[in-house]
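Student: Sequence first, then the predicted structure:
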Amino acid sequence: MKVYRVTKTQYAQDLNGTGSKLFGGRWNHVDSPCIYMSESRALSVLEYAVNINIDFIPRALSLCVFEIDDNQIHTLKEEDLPGNWRETPVPKSTKDFGTKLLKQNHAILKIPSIIIPQEFNYVLNPLAENSRFKLLEIKDFVFDLRIKSNKEK
């Protein structure tokens, strides 16, 4: 199965989850590496957009395409998640929940998107035993600022 990620070009080839290890994310604490992906290109752009300030969008972005092993996916439904999983800022409960699953050696977590709960994000665990995923393609990506612009036409 293919999954997608928008990232700064300088980190496009990082398969170790360095960014999430350094800064944490909704589903992981600092020092718990993982790689966040989405089931479609469009969702990956939306996820990137909601997590960055328009003033800090870099010029050098890449859209990465990964191949993941369907047999390694641990699927989570809304009812499995902490009750406050959609809150912003990110609650500690979601970080605790995801970090626990990553430490239990789950290779890939399939989690509903906050933006569109009927669609899914994937959290890849580079430390899981026998974790199988492959970076297939990196393409330059130009972020369309109209997605975040407040200017009227």
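Tutor: Thanks, I have it. Residues are numbered from 1 along each chain as shown.

Student: and the residue most central in space within the chain, what does it touch?
Tutor: In the chain, the residue lying closest to the centroid (CA atoms, centre = their mean) is Tyr36, at 2.1 Å. By CB atoms under 8 Å, 6 or more residues apart in numbering, the contact list for Tyr36 reads 5, 20, 25, 27, 47, 121-124. Backbone N, C-alpha and C define where each C-beta goes, glycine included.

Student: In strands only, show me those residues.
Tutor: 5, 121-124 (DSSP state E).

Student: In stretch 129-139, which of the residues would be classed as buried?
Tutor: Across stretch 129-139, burial judged by 16 or more other CB atoms under 10 Å covers 131, 133.

Student: pretty sure Leu135 is in contact with Phe66, am I right?
Tutor: Yes: using CB atoms under 8 Å, Leu135 makes contact with Phe66 at a distance of 5.7 Å.

Student: Which stretches in the chain count as strands?
Tutor: For the chain, the strands defined by DSSP E occupy 2-8, 35-38, 61-68, 73-75, 108-112, 120-124, 133-141.

Student: Tabulate those strands in TSV, adding columns for mean pLDDT.
Tutor: Shown next, in TSV, are the strands of the chain (pLDDT from 0 to 100):
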stretch	mean pLDDT
strand 2-8	97
strand 35-38	98
strand 61-68	98
strand 73-75	98
strand 108-112	98
strand 120-124	98
strand 133-141	97
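
Student: Out of those strands, which is the most enclosed?
Tutor: Highest mean neighbour count among these (mean count of other CB atoms under 10 Å): strand 35-38, with a mean of 25.

Student: just how off-centre is it within its chain?
Tutor: Distance of strand 35-38 from the chain centroid (CA atoms, centre = their mean, to the nearest Å) equals 3 Å.

Student: cool, and stretch 24-37?
Tutor: That offset, for stretch 24-37, works out to 8 Å (CA atoms, centre = their mean).

Student: Quick check: pLDDT value at the closest residue to Ser32 other than its chain neighbours.
Tutor: Nearest residue to Ser32, sequence neighbours excluded (CB to CB, 6 or more residues apart in numbering): Thr99, at 4.7 Å. Listed pLDDT for Thr99 reads 98.

Student: So which residues of this structure form helices?
Tutor: 18-23, 41-50, 92-103 (DSSP state H).

Student: All good on my end, thank you.
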